[in-house]
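Trainee: No letters, just coordinates:
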């Protein structure tokens, strides 16, 4: 049987007021609408709930029992809904955020520190994984949201760009490129490249740039973690293309970074499941990441310095 919450509220109000007209005044309905609602409830239950006289409304035994139980249930429902509303407005609890290794190392620490200062009762939990894992964890609802490299067409995600950063060239100080202020993409023709593998969100963008400039490079190594690029290049295995957020260079290394021209950038994006609302706490942390992205100088003087390479 399909009982509406409105029917139940109307019946309880009539039971308290002992009058259709007074009940109508309390809940803002006409007397006829109140009477019709109670008749519908009686029809659906198959039980007479009220005895009607010209002077008053009297509850039957079944009506008396139902009114008592409904009154308690409706009070409990009201309390439950009120508590749910409070929870929805609280800036407390655990928020799970996923990001790839480079983003985790150079953007997220400042976001966590910012969150701890502004929202000390929110527990910011970071999941540091490759891009493909991050995207899957967002889709599966394992995290509240993620920070990803532009995933391209993703109809099931809601994405918002927070930062654009350039790709740079990484080489040893004895490489011929070390004597140049910048390196044109075309100059990579035939060079031995050490690149991240396809678990990284940067790799498809680098491949697209190589294809765009018709470069046939010799990719000699594909590695999983961005930090591995530095020892690979320093060992003379090849040169590399890496995002600005991968800086700074290891202290004491014999490496250099050069600006690549024309500039090719990658977009860092906040991402959540489409048509799924964030909790109040998760929305607050989303805003913090957005703020940090708008002001990149807050999370790395190295990012600012590449503008002057």
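Mentor: Okay, I see it. This is a predicted model, so every value here is computed, not measured. Numbers count the residues shown, from 1 in each chain.
Trainee: just the helices in the chain please.
Mentor: Using DSSP state H, the helices of the chain run over residues 5-17, 20-27, 31-45, 61-89, 101-106, 108-118, 131-139, 202-212, 229-234, 280-294, 301-305.
Trainee: buried sites along the first one?
Mentor: Buried residues in helix 5-17, defined by neighbour count with 16 or more other C-beta atoms under 10 Å: 8, 10-15, 17. Using the backbone N, CA and C atoms, a C-beta is placed for each residue, glycine as well.
Trainee: same question, the third one
Mentor: Using 16+ other C-beta under 10 Å as the burial criterion, the residues of helix 31-45 that qualify are 34-35, 37-38, 41-42.
Trainee: picking up where we left off before, residue 247: which of the helices of the chain is closest?
Mentor: helix 301-305 (4.0 Å; C-beta to C-beta).
Trainee: Residue ranges in the stretch 101-250 of the chain under the pLDDT threshold?
Mentor: Along the stretch 101-250 of the chain, the model assigns pLDDT under 70 to no residue.
Trainee: Need the pLDDT of residue 89.
Mentor: According to the prediction, residue 89 has pLDDT 58.
Trainee: Make 49 the first number, not 1, from now on.
Mentor: Yes, from this point I'll number from 49; that puts the last item at residue 137.
Trainee: Would you format the buried residues of helix 53-65 as TSV with pLDDT and distance to residue 247 included?
Mentor: Output for the buried residues of helix 53-65, formatted as TSV (pLDDT from 0 to 100; distance: C-beta to C-beta, whole Å):
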residue	pLDDT	distance to residue 247
56	85	55
58	85	60
59	84	61
60	85	59
61	87	61
62	84	65
63	82	65
65	82	67
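Trainee: For the residues you listed, give me CSV that also has distance to residue 333.
Mentor: Output for the buried residues of helix 53-65, formatted as CSV (distance: C-beta to C-beta, whole Å):
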residue, distance to residue 333
56, 40
58, 43
59, 45
60, 42
61, 43
62, 48
63, 48
65, 49
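Trainee: which of the residues you listed lies closest to residue 161?
Mentor: residue 56 (50.6 Å).
Trainee: Quick check: closest non-adjacent residue to the closest one.
Mentor: residue 118 (5.5 Å; C-beta to C-beta, 6 or more residues apart in numbering).
Trainee: How about residue 244?
Mentor: The spatially closest residue to residue 244, leaving aside those adjacent along the chain, is residue 251, at 5.3 Å (C-beta to C-beta, 6+ apart).
Trainee: partners of the biggest strand by length in the chain in the sheet?
Mentor: Secondary structure of the chain per DSSP state E: the longest strand is strand 205-220. Sheet pairing of strand 205-220 (DSSP bridges) gives strand 288-291 (antiparallel), strand 303-309 (antiparallel), strand 313-321 (antiparallel).
Trainee: hmm, back to that, quick one: closest of the helices of the chain to residue 239.
Mentor: Per C-beta to C-beta, nearest to residue 239 of the helices of the chain: helix 250-260, 10.5 Å.
Trainee: Identify each buried residue in that closest one, please.
Mentor: By neighbour count on 16+ other C-beta under 10 Å, the buried set for helix 250-260 is 250-254, 257-258.
Trainee: Repeat that for stretch 139-156.
Mentor: Result for stretch 139-156 [16+ other C-beta under 10 Å]: buried residues 143-156.
Trainee: Now the terminal residues of that stretch, how far apart.
Mentor: 19 Å (C-alpha to C-alpha, to the nearest Å).
Trainee: Now find how far off-centre it is within its chain.
Mentor: The chain centroid and the centroid of stretch 139-156 are separated by 10 Å under C-alpha atoms, centre = their mean, to the nearest Å.
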